[in-house]
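**Student:** no sequence for this one, just the structure:
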């Protein structure tokens, strides 16, 4: 079983950024529709003026859609992946074989975590590379994550 820790889709679409973008998108679509109705009767320089004013909300719609897609892709990027072969902490780029995963620490009521392999870590500064933070609205709660680690035979330690 693969363990993937990332922001859930539900939590992304309930975020302030997504809600504001959807509101802005609907206002711009409404504005473009109203300006489009003016286009029917426009002639001469009014036609040019309406066409220019119609491009502004359409560009806004395109930029809003591009922004929401970009933010969605960024938020859905895995923070941590544990599969049958390796453990990968995306933020720091640490990778090591899954069979070397020995201890999992969860700190601050499960807001942060650390996965330590059984091979020695040469310097205390390098411990930071093995840490990760749970995102807002994760796909699995810290308790579910601890259970999944426990079922893989990893010792889980909670620290506050």
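**Tutor:** Great, that's in hand. Everything numeric here is computed off the predicted structure, so don't read it as measured data.
**Student:** use CA for all of it now, contacts and neighbours both
**Tutor:** OK.
**Student:** per the record, what domains does the protein have?
**Tutor:** 8-75, 80-159 (automatic domain parsing).
**Student:** how near is the residue nearest the centre of the chain to residue 61?
**Tutor:** Against the mean C-alpha coordinate of the chain, by C-alpha atoms, centre = their mean, the closest residue is residue 75 at 1.2 Å. Applying C-alpha to C-alpha, to the nearest Å, the value for residue 75 to residue 61 is 21 Å.
**Student:** cool, and residue 87?
**Tutor:** Using C-alpha to C-alpha, we find residue 87 at a distance of 40 Å from residue 61.
**Student:** can you pull the contacts of residue 86?
**Tutor:** Counting by C-alpha atoms under 8 Å, 6 or more residues apart in numbering, residue 86 makes contact with 95-99.
**Student:** and if we set it to 10 Å?
**Tutor:** Applying C-alpha atoms under 10 Å, 6 or more residues apart in numbering to residue 86 gives the contacts 2, 95-101.
**Student:** got the domains of the chain as TSV, with mean pLDDT columns?
**Tutor:** Converted to TSV, the domains of the chain look like this (pLDDT from 0 to 100):
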stretch	mean pLDDT
domain 8-75	88
domain 80-159	86
